[in-house]
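K.L.:
I'd like to go over a predicted model; first the sequence, then the structure.
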Amino acid sequence: MSKILLYSIAFLTGFALMGYEILGARMLFPLYGNSVYVWGSIISVFLAGLSIGYAAGGRLADRKSDIITLARLIMIPSAMIVLFPFYGPKVCNLFEALKLESRIGALLVSVILFLMPCVFIGAVMPVIVKMLATQSGKVGSAAGNVYSISTAGSIAGTLFTSFFLISWLSVLKGIQLIGMIVAVCWFLCLYYHHRNKK
């Protein structure tokens, strides 16, 4: 299994996750304003999703850690994020009609829209670590490298989204672009798998 491919996936999913977080917050601004409740809800939900994903992904990696498992984990968040413009605004309109108190509303809509993609992206990391550790026999180095590269991707995604993407595209188109970045990771997994089957 190519280390470059696995590290690239760690970087790109980290990149996409932070872009999705920033753009996701902007989806909630028309509902609840650019308030501390929105940011607190978004950050908490993203961290909760990653926490669940890390735990679930670790258990999955102990049972099965191969390129197809990785592809399946990546496929779900890529589809959810790419398709976000078709369901995200409808969910926001529903919460606008419910007129919930801003703290409760911001937290609930964040859970509905953003939790599951974060869970699956979080689950990707332990699987990558296990695949690399199996190759090298060095679990600590593999974990450190993967989370370092993923964090570097998150920094790049934060800067790119906040400095450039928001001024180039609408929020929904920006989210779709982020989903396409995750989809690239899925296609890379499938390409590697089919190439090695020949």
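P.N.:
Yep, it's here.
K.L.:
and the next element down the chain from the lengthiest helix in the chain?
P.N.:
As assigned by DSSP state H, the longest helix anywhere in the chain is helix 102-136. Where DSSP states H and E defines the elements, the next helix or strand beyond helix 102-136 is helix 139-160.
K.L.:
would you mind identifying the next helix or strand past that next one?
P.N.:
Later in the chain than helix 139-160, the nearest helix or strand by DSSP H and E is helix 166-168.
K.L.:
name the element the nearest residue to C118 once chain neighbours are set aside belongs to?
P.N.:
Nearest residue to C118, sequence neighbours excluded (C-beta to C-beta, 6 or more residues apart in numbering): G49, at 2.5 Å. To be clear about C-beta, it is placed using only N, CA and C from the backbone, and glycine gets the same treatment. Assigned by DSSP H and E, G49 belongs to helix 36-63.
K.L.:
which pLDDT value belongs to the residue nearest to C118?
P.N.:
Here the pLDDT value assigned to G49 is 95.
K.L.:
and K64, its phi and psi?
P.N.:
Backbone geometry at K64, expressed as degrees, to the nearest 10, gives phi -160, psi 120.
K.L.:
residues near it, how many?
P.N.:
Using other C-beta atoms under 10 Å, K64 has 10 neighbouring residues.
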